[in-house]
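Peer 1: Here is my input; please provide its structure:
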Amino acid sequence: MTKLSVNINKIATLRNSRGGNNPDVVKAATDAQNFGADGITVHPRPDERHIRYQDVRDLKKIIRTEFNIEGNCREQKFIDLVLEVKPDQVTLVPDAEGQLTSDHGWDTIRHKEYLTEIISVFRKAGIRVSIFVDPAPEVIEGAARVGTDRVELYTESYASRYAFSKEQAIAPYAAAALKANELGLGINAGHDLDLKNLGYFAQNIPGLLEVSIGHALICDALYLGFENTIQLYKRQLVLS
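Peer 2: Numbers count the residues shown, from 1 in each chain. Have a look, this model is predicted:
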């Protein structure tokens, strides 16, 4: 079954809005695991506007499922943190400085030399590497050449087109997944997946190993409860 990794950045955003430690991100991660999450994802940024670097260190101590750290690997501070904490997986995202949220994947052809070098740094430390990519076969082929273990399909375009034509929305992702399977790459996915579109996505992406979901899941939890929401998301993956 596809694993559900819960991104807790929004928990940290709420905490930081008032100072103090309410809500407690470590407790949120502990509870998410107890409620059935298969992993915890965080995406620290240099301004620490949500997850702080110390949060990452604190979370490492209590993660008993899978720990996934996303971020901009062009920041030396991020590289140093990942090598210190040694999560199960690092997901490399081509964010610009000060970017609100991730909005594109790596150009694996243009950045072949850089990606090959930085991926080897993490793999030598025993950390599985996934890179954030758009669903284009040539990009997937480039990902295989740079030595990554997995690709994370950036699903914003799928989510935005789903209501208009789910068949057209899924088509490039299904093609990208087939190419990844052919090349022996693991497949993750994330960005704007929710209870409405997740099940169809999972049903049509062969070899989907993991989805990372934060914003929509936390929004749903406000109305449905944290434990119930995690179970509802996992049910979408079971149905696939």
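Peer 1: all contacts plus neighbour counts: C-alpha atoms, from now on.
Peer 2: Fine.
Peer 1: Could you pull up phi and psi at Phe35?
Peer 2: phi -80, psi 0 (degrees, to the nearest 10).
Peer 1: Kindly report the same for Gly71.
Peer 2: Residue torsions, per degrees, to the nearest 10, at Gly71 are phi 170, psi 180.
Peer 1: for Ile131, same thing?
Peer 2: phi -120, psi 140.
Peer 1: Where do the helices of the chain begin and end?
Peer 2: Along the chain, counting by DSSP state H, helices occupy 9-16, 25-34, 53-60, 76-85, 112-124, 137-146, 156-161, 166-183, 198-204, 215-224, 226-239.
Peer 1: Would you mind telling me which of the ones you listed is nearest Met1?
Peer 2: helix 226-239 (6.4 Å; CA to CA).
Peer 1: Could you tell me the average pLDDT over that closest one, please?
Peer 2: The average pLDDT within helix 226-239 is 95.
Peer 1: Check stretch 110-123 too.
Peer 2: 97.
Peer 1: Buried residues of that stretch, list them for me.
Peer 2: Applying a neighbour-count criterion of 16 or more other CA atoms under 10 Å, one finds Lys112, Leu115, Thr116, Ile118, Ile119, Ser120, Phe122, Arg123 buried in stretch 110-123.
Peer 1: Include distance to Tyr173 when you put those residues into TSV, please.
Peer 2: Shown next, in TSV, are the buried residues of stretch 110-123 (distance: CA to CA, whole Å):
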residue	distance to Tyr173
Lys112	22
Leu115	22
Thr116	24
Ile118	26
Ile119	23
Ser120	27
Phe122	27
Arg123	26
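Peer 1: where does the chain dip in pLDDT?
Peer 2: 96-103, 239-240 (pLDDT under 70).
Peer 1: Go again with 50.
Peer 2: 99-100 (pLDDT under 50).
Peer 1: Can you tell me the centre-most residue of it?
Peer 2: Ser212 (4.1 Å; CA atoms, centre = their mean).
Peer 1: how near is that residue to Glu182?
Peer 2: 23 Å (CA to CA, to the nearest Å).
Peer 1: Stretch 184-194: end-to-end distance?
Peer 2: Span of stretch 184-194 from end to end, CA to CA: 27 Å.
Peer 1: now it, how far from the chain's geometric center?
Peer 2: On the basis of CA atoms, centre = their mean, to the nearest Å, stretch 184-194 is displaced by 7 Å from the centre of the chain it belongs to.
Peer 1: Cool, thanks, talk later.
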